[in-house]
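structure of the sequence below:
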Amino acid sequence: MDAAGLYIHVPFCTAICPYCDYAVLIAGEERRAGYVAALLEEMELAGSDRWRFDTVYLGGGTPSALATTRLAQVVGAVRARMALTDDVRLHLEVNPEDVTVEAARAWRELGVGFVSLGVQSLDDGALRFLGRAHGARRARQAFQVLREVGFDTVSIDLMYGFEGQDAAGWQDQLEAAAALAPDHLSCYQLTFHQGTVFGRRLARGVLAELDPEIQAELFRLTHRRLADLGYEAYEVSSFAAREAHRSRHNLKYWTHAPYLGLGPSAHSFDGSSRWWNLAKLRLWQTALERGQRPLAGEEALSPSELALESVMLGLRITEGIDLARLRARCGVDLVASNRALVERLCDSGLVVVEGDRLRPTLEGLAVADSLAREFELSE
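Coordinates of the predicted model:
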């Protein structure tokens, strides 16, 4: 198996944002201690002899909400129990309100190289709408602390697509974020999920989704303006100042590489099968206390299912689909079996074929999901 990615889901937050549909909860120190103990048990049950990891990603939730001593327990156990490459890259998600000089230094001492700062906006009104615990000033201060501590890559997360947002306002946000000179930006479009506060408000008519044409305009603006500011898109929502600052871990998801997920709700993929954990902390923890793997489900993927996923994921990244790899893994000659479609998509300016790569253009990235559904993927 190729070098894999290790994902660890930390399910705790100090507050739950109204748009969040992840497996998160607010909990005290006793439950956090129990989580760490169970996580260490899961590492023992995970069959780590099958895996070799070159990325470790602590996500959530809010990993920075864990005390640095508890994070040290987790990272120490990973280093002791998992097979890691010499160049392993540790990635940590943090929120601005958790960033102090002391905490940042502790994270750096743990070996964290890539830190993602959940800014979401540099506008106080937008932050209140999103239910965030920090203001724009605190976000800027947190970024400066992370920069001064000396992480290899400091990334900023931004969110767009609010009701009433226009191109001028979003461009101001992009330029304000770029003025901080982060190494990486992730720009996510607000999505209304069922079961969230925003989802319920949408159902009641209290909130409305932004007009699709405006959403498309903001998407294109994001890519064009960040390119002008020196950030190269390598995925639908991801932009790096240099190739070295790309998220090596997230690229595993988009290129169909193997990854192992630990923690409640975490997913895993070994190249042909997928499995996922129980989402509720108590159920996940109880299974581990009984010496059982905390599985909620699993599936073996057929070659055609793997091909479909490869096409859907490949159309989300600027490098596109590796046609030779798709033929070798899934027995699918994508261009030969879809020649008329590929010619039409090329003529429409949605994709280009270059050697053994089929790449989406910017217009293709904007409609990546619908493009994937058009392909015939029988073996």
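
tell me which stretches of the stretch 201-350 of the chain form helices.
212-228, 248-254, 281-289, 303-314, 323-330, 339-347 (DSSP state H, counting those that start in this stretch).

tell me what angle the fourth one forms with helix 323-330.
In this case it means helix 303-314. Put simply, helix 303-314 runs at 150 degrees to helix 323-330, going by axes from the mean of the first three to the mean of the last three Cα atoms, to 10 degrees.

same thing with the first one?
In terms of direction (the same axes, to 10 degrees), helix 212-228 departs from helix 323-330 by 120 degrees.

of the helices of the stretch 201-350 of the chain, which is nearest Arg108?
Shortest distance between Arg108 and these, using Cβ to Cβ, is found for helix 248-254: 17.9 Å. Backbone N, C-alpha and C define where each C-beta goes, glycine included.

run the chain-centre distance for the closest one.
8 Å (Cα atoms, centre = their mean, to the nearest Å).

how about stretch 141-149?
On Cα atoms, centre = their mean, the centre of stretch 141-149 falls 22 Å from the chain's centre.

can you give me the buried ones in that stretch?
Residues of stretch 141-149 classed as buried by neighbour count (16 or more other Cβ atoms under 10 Å): 142-143, 145-147, 149.

next one: stretch 88-103
Quick answer for stretch 88-103 (16+ other Cβ under 10 Å): 88-99, 103.

just want the most central residue of the chain.
For the chain, the residue nearest the mean C-alpha position is Asn250 (5.9 Å; Cα atoms, centre = their mean).

just the strands in the stretch 101-250 of the chain please.
112-120, 153-160, 184-189, 232-235, 238-240 (DSSP state E, counting those that start in this stretch).

what angle sits between the second one and helix 212-228?
For strand 153-160 against helix 212-228, the angle between stretch directions is 160 degrees (the same axes, to 10 degrees).

so Glu299 makes contact with Ser272?
No. Contact criterion Cβ atoms under 8 Å: Glu299 and Ser272 do not qualify, at 10.1 Å.

more neighbours, the two?
Legend: neighbour count by other Cβ atoms under 10 Å for Glu299 and Ser272, higher for Ser272 (13 against 10).

quick one, what contacts that one?
Counting by Cβ atoms under 8 Å, 6 or more residues apart in numbering, Ser272 touches 300-301, 306.

ok, Ala126 - how many residues close by?
If we define neighbours as other Cβ under 10 Å, then Ala126 has 19 of them.

just give the nearest non-adjacent residue to it, would you?
Of all residues not flanking Ala126 in the chain, Phe162 sits nearest, at 6.5 Å (Cβ to Cβ, 6 or more residues apart in numbering).

and for Gly230?
Nearest one to Gly230, counting by Cβ to Cβ, 6+ apart, is Ala241 at 6.0 Å.

before we move on, what about Ala366?
Using Cβ to Cβ, 6+ apart, the closest residue to Ala366 is Phe219 (5.3 Å).

rewinding a little: Arg344 is nearest to which of the strands of the stretch 101-250 of the chain?
Taking Cβ to Cβ, strand 232-235 is the member of the strands of the stretch 101-250 of the chain nearest to Arg344, at 24.2 Å.

quick one: average confidence on that closest one?
Average pLDDT, strand 232-235: 97.

stretch 151-161 too?
On average, stretch 151-161 scores 97.

can you lay out the buried residues of stretch 88-103 as JSON lines showing secondary structure, distance to Val74 and pLDDT?
Shown next, in JSON lines, are these (DSSP: H, G, I helix; E, B strand; the rest coil; distance: Cβ to Cβ, whole Å; pLDDT from 0 to 100):
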{"residue": "Val88", "secondary structure": "strand", "distance to Val74": "14", "pLDDT": "97"}
{"residue": "Arg89", "secondary structure": "strand", "distance to Val74": "16", "pLDDT": "97"}
{"residue": "Leu90", "secondary structure": "strand", "distance to Val74": "11", "pLDDT": "98"}
{"residue": "His91", "secondary structure": "strand", "distance to Val74": "13", "pLDDT": "98"}
{"residue": "Leu92", "secondary structure": "strand", "distance to Val74": "11", "pLDDT": "98"}
{"residue": "Glu93", "secondary structure": "strand", "distance to Val74": "13", "pLDDT": "97"}
{"residue": "Val94", "secondary structure": "strand", "distance to Val74": "15", "pLDDT": "97"}
{"residue": "Asn95", "secondary structure": "coil", "distance to Val74": "18", "pLDDT": "96"}
{"residue": "Pro96", "secondary structure": "helix", "distance to Val74": "22", "pLDDT": "96"}
{"residue": "Glu97", "secondary structure": "helix", "distance to Val74": "21", "pLDDT": "95"}
{"residue": "Asp98", "secondary structure": "helix", "distance to Val74": "16", "pLDDT": "95"}
{"residue": "Val99", "secondary structure": "coil", "distance to Val74": "19", "pLDDT": "97"}
{"residue": "Ala103", "secondary structure": "helix", "distance to Val74": "15", "pLDDT": "97"}
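
I'd like these as CSV, with distance to Arg70 appended.
Below are the buried residues of stretch 88-103 laid out as CSV (distance: Cβ to Cβ, whole Å):
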residue, distance to Arg70
Val88, 20
Arg89, 21
Leu90, 15
His91, 18
Leu92, 13
Glu93, 15
Val94, 14
Asn95, 16
Pro96, 20
Glu97, 18
Asp98, 13
Val99, 17
Ala103, 12
